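Enquirer: Task: produce atomic coordinates for the following.
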Amino acid sequence: MGTIIVYFIYCIIVAPIAFLISVILNHYYILNLLMILISAFVVATPFYLFINFLHAASIPDPWWKMYSHFSTILLTIVPAFFYWICLKWFARKI
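Expert: Okay, here's the model as predicted:
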């Protein structure tokens, strides 16, 4: 249950920041799936480090090893991908 709560909080934090980044990128006409995925990784890195610090009271050494687990990458890519799908779907509605 704790993992679901953490993932829910992650989605709540990432969605507004990803939206803000996508508005800025859309202004320059470079908004695409790759940019959304990159921004999701940029936002997810401090979040994962903070969560790891809360659970283990330390930051992994080296810190980028947290992305060696497939689940961490999947937890970052899935919300970003669905956010991109929603952007494409709403763009067709307008």
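
Enquirer: which residue is nearest the middle of this protein?
Expert: A40 (3.2 Å; Cα atoms, centre = their mean).

Enquirer: Is it part of a helix or strand, or is it coil?
Expert: With DSSP: H, G, I helix; E, B strand; the rest coil as the basis, A40 sits in helix.

Enquirer: out of everything not next to it in sequence, what's closest to it?
Expert: If the residues on either side of it in the chain are set aside, A40 comes closest to A80, at 3.6 Å by Cβ to Cβ, 6 or more residues apart in numbering. Quick note: C-beta positions are derived from backbone N, CA and C, even for glycine.

Enquirer: got a list of what the one you found touches?
Expert: Shown in contact with A80 (Cβ atoms under 8 Å, 6 or more residues apart in numbering): V14, A18, I36, L37, S39, A40.

Enquirer: Show me which helix runs longest in this structure.
Expert: Of all the segments assigned as helix in the chain under DSSP state H, the longest by residue count is helix 2-27.

Enquirer: Quick check: pLDDT value at M1.
Expert: The predicted structure scores M1 at 61 on the pLDDT scale.

Enquirer: can you check the one 10 residues further on too?
Expert: Reading off the per-residue confidence, C11 sits at a pLDDT of 72.

Enquirer: any idea how far L49 is from it?
Expert: Taking Cβ to Cβ, to the nearest Å as the criterion, C11 is separated from L49 by 18 Å.

Enquirer: Which element, helix or strand, includes P60?
Expert: Under the criterion DSSP states H and E, no helix or strand holds P60.

Enquirer: sec struct for the nearest residue to it once chain neighbours are set aside, please.
Expert: With sequence-adjacent residues excluded and distances taken as Cβ to Cβ, 6+ apart, P60 is closest to M66, at 5.7 Å. Secondary structure assignment for M66 (three-state DSSP): helix.

Enquirer: need the contact list for M66.
Expert: Residues counted as contacts of M66 (Cβ under 8 Å, 6+ apart) are Y48, L49, N52, P60, T72.

Enquirer: between those residues, which has the most around it?
Expert: The most crowded member of the contacts of M66 is Y48, carrying 21 neighbours; neighbours defined as other Cβ atoms under 10 Å.

Enquirer: Now that residue: closest residue in space that isn't a chain neighbour?
Expert: Skipping the residues right next to it in sequence, Y48 comes nearest to M66 by Cβ to Cβ, 6+ apart, at 5.6 Å.
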